[in-house]
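A.B. asks: Got a predicted structure plus its sequence, pasted below:
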Amino acid sequence: MKKTSKKSKKLVAEDRTQAEQWIGLLEASSMFHLQVAKETQSPILGAEQSDENMFHLACSQAIQDCIHLIEMVKLEGWFDDEMPQHSRGPAG
C-alpha cells in the first residue's frame, strides 16, 4: 500500500477545489458570451446575424464543449491518480 503524507493529501484536496473553481469560471464565461450574443441579436426575424453575434455564440459553445470534455475525462479517472511526472522514474 502506498503511503501518502498529510501534505500531499492536502494538495490533492486543494487541486480538486481549484479544478471546481476553474469549471465555475468557465461556466460564468460561457453565460457571459451567451448573454452578449442575445443582446446583439437583431430584433428583426429572419435578419442575417452580425459577426459580433456569431462570435459570441461560437465562444459560448466552445467553452461549453471544454466543460463537457473536462467532465468526460474526469469520469474516465484522469484526475484521480497522481501525475506520472511527479513519481520517481527508473533512475530513481
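C.D. replies: On my side now, so go ahead. Numbers count the residues shown, from 1 in each chain.
A.B. asks: Only C-alpha atoms from now on, for both contacts and neighbour counts.
C.D. replies: Will do.
A.B. asks: now the helices for this protein?
C.D. replies: Listed from the start of the chain, the chain has helices (DSSP state H) covering 6-39, 51-75.
A.B. asks: Pick out the shakiest of those, pLDDT-wise.
C.D. replies: Mean pLDDT across the helices of the chain is lowest at helix 6-39; the value there is a mean of 80.
A.B. asks: For residue 36, give me its contacts.
C.D. replies: Counting by Cα atoms under 8 Å, 6 or more residues apart in numbering, residue 36 makes contact with 53, 56.
A.B. asks: any idea how far residue 19 is from residue 77?
C.D. replies: Remark: distance between residue 77 and residue 19 (Cα to Cα, to the nearest Å) = 14 Å.
A.B. asks: the more surrounded of the two?
C.D. replies: residue 19 (14 against 9; other Cα atoms under 10 Å).
A.B. asks: Now do the phi/psi pair for residue 44.
C.D. replies: phi -80, psi 120 (degrees, to the nearest 10).
A.B. asks: before we move on, what about residue 79?
C.D. replies: With angles defined as degrees, to the nearest 10, residue 79 shows backbone torsions of phi -100, psi 0.
A.B. asks: Please work out how many residues are found near it.
C.D. replies: Burial of residue 79 is recorded as 15 neighbouring residues (other Cα under 10 Å).
A.B. asks: try residue 51
C.D. replies: Burial of residue 51 is recorded as 10 neighbouring residues (other Cα under 10 Å).
A.B. asks: got a list of what it touches?
C.D. replies: Listed by Cα under 8 Å, 6+ apart, residue 51 has no contact partners.
A.B. asks: So it versus residue 38, what's the distance?
C.D. replies: The span separating residue 51 from residue 38 equals 13 Å under the rule Cα to Cα.
A.B. asks: try residue 27
C.D. replies: Computed as Cα to Cα, the residue 27 to residue 38 distance reads 17 Å.
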